[in-house]
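> Okay, structure incoming, though there's no sequence with it:
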């Protein structure tokens, strides 16, 4: 059964990386990153023993990173929408002065 | 046998949701599919003996993050429509990339040392909660404080971003 978890983790990571490569929308790319974090959690659960303090700490760290990424995504989305920016990453010029 | 079939079915459905995330027209639908992927992964945890980790996964991803995404994105269109031919080419390239990357990762797992996969997650039961309480008395308390600082930083970034939006608009 653990190999099933590893296979799902690999497939989710592949979907996320492919999504980053082939998406042009900024938010879709951030959702793909979230998908990669989920795959990381799945793979971590299949490798570690969460009944130890180290395992629980690692899982909570991963959940915190996912939450921070989600907050960053929605904050940037609100900021870009308020500015009327284009969400296409090949047309983004937010960092240009 | 039936149990294994159920596990494989849930695994396939979860991966199908993940792939279809990139082919829906609206960001709202992509966020809903991400929530379904989270639910699928939580069910997989439960089926493989890590029920409590699955519950926490549901709480964090579906209860918190996915709701946040769904409320925030509303009905924002993902991108402009592509022609059927371009959409087909994109689908084919995505499929090739997906198969190549998944194959590479699976090959990496297959070549990993055998003893690295023996620490199973089956022993995760109620001890997950006791390990959480033991965490405060362990060497990992410092990491917990760092996590709290990360949450504070995220909250601060929202406040600053709101001020910047008010200044710009």
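Now that the structure is in, tell me what you want to look at. Here the structure is a predicted model, which is why all the values come from computation and not from measurement.

> Report the residue spans of the chain with pLDDT below the cut-off.
No chain specified, so I'll use chain A. Along chain A, the parts satisfying pLDDT under 70 run over A:1-2, A:93-97.

> Let me rephrase: I mean chain B.
Screening chain B residue by residue with the criterion pLDDT under 70, one finds the ranges B:75-82, B:112-144, B:164-169.

> Just give me the residue right at the centre of it.
Closest to where the C-alpha atoms of chain B average out (Cα atoms, centre = their mean) is residue B:38, at 5.4 Å.

> Find the helix or strand that that one is a member of.
When elements are defined using DSSP states H and E, residue B:38 is found to belong to helix B:27-47.

> just the helices in chain B please.
B:2-20, B:27-47, B:51-57, B:67-73, B:84-111, B:127-135, B:141-168 (DSSP state H).

> whoops, chain A was the one
Taking DSSP H as the criterion, chain A carries its helices at A:2-22, A:26-47, A:53-83.

> Which one, of these, ends up nearest to residue B:12?
Closest approach to residue B:12 among the helices of chain A is made by helix A:2-22 (9.3 Å; Cβ to Cβ). Yep, even glycine has a C-beta here, placed from its N, CA and C like the rest.

> wait, does that closest one contact chain B?
Yes: under the criterion of Cβ under 8 Å from any Cβ of the partner chain, chain B is reached by helix A:2-22 at A:2-19, A:21-22.

> Measure how that helix sits relative to helix B:27-47, angle-wise.
Angular relation of helix A:2-22 and helix B:27-47 on a 0 to 180 degree scale: 160 degrees, by axes from the mean of the first three to the mean of the last three Cα atoms, to 10 degrees.

> Can you give me the buried ones in helix A:2-22?
A:2, A:4-20, A:22 (16 or more other Cβ atoms under 10 Å in any protein chain shown).

> do you know how far the closest residue to residue A:68 other than its chain neighbours is from residue A:74?
Nearest-residue entry for residue A:68: residue B:154, 5.1 Å, with adjacent residues in sequence omitted and distances by Cβ to Cβ, 6 or more residues apart in numbering or on different chains. Distance from residue B:154 to residue A:74, counting by Cβ to Cβ, to the nearest Å: 11 Å.

> what does residue A:36 give?
18 Å.

> Kindly report the same for residue B:92.
If you measure residue B:92 against residue A:74 using Cβ to Cβ, the figure is 32 Å.

> that older thread, quick one: which of the helices of chain A is nearest residue B:34?
helix A:26-47 (5.7 Å).

> That closest one near chain B anywhere?
Yes: part of helix A:26-47 sits close enough to chain B to count as contact by Cβ under 8 Å from any Cβ, namely A:27, A:28, A:31, A:32, A:34, A:35, A:38, A:41, A:42, A:45, A:46, A:47.

> What is the neighbour count of the fifth one?
Neighbour count for residue A:34, taken as other Cβ atoms under 10 Å in any protein chain shown: 24.

> try the first one
Counted by other Cβ under 10 Å, the residues lying close to residue A:27 total 24.

> my guess is it meets residue B:73, correct?
Yes: judged on Cβ atoms under 8 Å, residue A:27 makes contact with residue B:73 at a distance of 6.8 Å.

> Need the overlap of contacts for these two.
When Cβ atoms under 8 Å, 6 or more residues apart in numbering or on different chains defines a contact, the residues bordering residue A:27 and residue B:73 alike are A:77, B:27, B:30.

> among those residues, who's most crowded?
For those, the largest number of neighbours (other Cβ under 10 Å) sits with residue B:30, at 28 neighbours.

> OK, contacts around the closest residue to that residue other than its chain neighbours?
The spatially closest residue to residue B:30, leaving aside those adjacent along the chain, is residue B:21, at 5.0 Å (Cβ to Cβ, 6+ apart). For residue B:21, the contacting residues are A:15, A:19, A:28, A:31, A:32, A:35, B:30, B:33, B:34, B:37, by Cβ under 8 Å, 6+ apart.
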